[in-house]
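Chemist: What shape does this take:
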Amino acid sequence: MREKTSDGSLLYVETNYEPVSQSGWTVFKYGINKDGSLRENIGVTPYCTHGQVHRNERATRLQLPIPGWAETKDINRIRQISSISNLSNFITAPGWIVVLDGKVTAIEANSPGSRSLLSVVCSY
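Modeler: From the prediction side, this is the model:
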């Protein structure tokens, strides 16, 4: 899966790192190719339920899983996301939460590429 976002970036799921779900939260690794520059990031979403993009109502408790494949930088990003109070209300539309430039940010799945990425993540 490599599809474009609204700004022309290409998104893809890192297939060597299977998404991990726990307590209604799914943690995954994905890549972004923007203007020839490649960046990997960790995404956290409460919008995967039974293989579908749908709000997981169990995502009220804050217990983000730490995948076995996570490296130190990934674990630090997951912990930074975990530090947000009332995280389940931080994202209110289908999408995911990331750390961008040191700041926890909600990414709305509002382009064909981002919707496709979320669908692939949820299908695991």
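
Chemist: Could you check the pLDDT of Met1?
Modeler: If you check Met1, the pLDDT there is 57.

Chemist: Excluding chain neighbours, what is closest to the spatially most central residue of the chain?
Modeler: Geometric centre of the chain, nearest residue: Gly43, 2.3 Å, by C-alpha atoms, centre = their mean. Once flanking residues are discounted, Gly43 sits nearest to Trp96: 3.8 Å by C-beta to C-beta, 6 or more residues apart in numbering. (Each C-beta comes from the backbone N, C-alpha and C, glycine too.)

Chemist: In contact with the one you found, which residues?
Modeler: Shown in contact with Trp96 (C-beta atoms under 8 Å, 6 or more residues apart in numbering): Phe28, Gly43, Val44, Thr45, Tyr47, Ala106, Ile107, Ala109, Leu118, Val121.

Chemist: so the third one makes contact with Gln63?
Modeler: No - with the criterion set as C-beta atoms under 8 Å, Val44 and Gln63 do not qualify as a contacting pair; they are 11.4 Å apart.

Chemist: Run a quick check on Tyr30 versus Val44, I expect a contact.
Modeler: No - counting by C-beta under 8 Å, Tyr30 stays clear of Val44, with 11.2 Å between them.

Chemist: Could you single out the nearest of the contacts of Trp96 to Asn16?
Modeler: Checking the contacts of Trp96 against Asn16 with C-beta to C-beta, the nearest one is Phe28 at 11.6 Å.

Chemist: For the closest one, give its distance to Val13.
Modeler: 7 Å (C-beta to C-beta, to the nearest Å).

Chemist: Overlap of the contact sets of these two?
Modeler: Pro19, Val121.

Chemist: More neighbours: Val44 and Gln63, which one.
Modeler: Shown here are Val44 and Gln63; by other C-beta atoms under 10 Å, Val44 has more neighbours (23 against 11).

Chemist: three-state assignment of that one?
Modeler: strand (DSSP: H, G, I helix; E, B strand; the rest coil).
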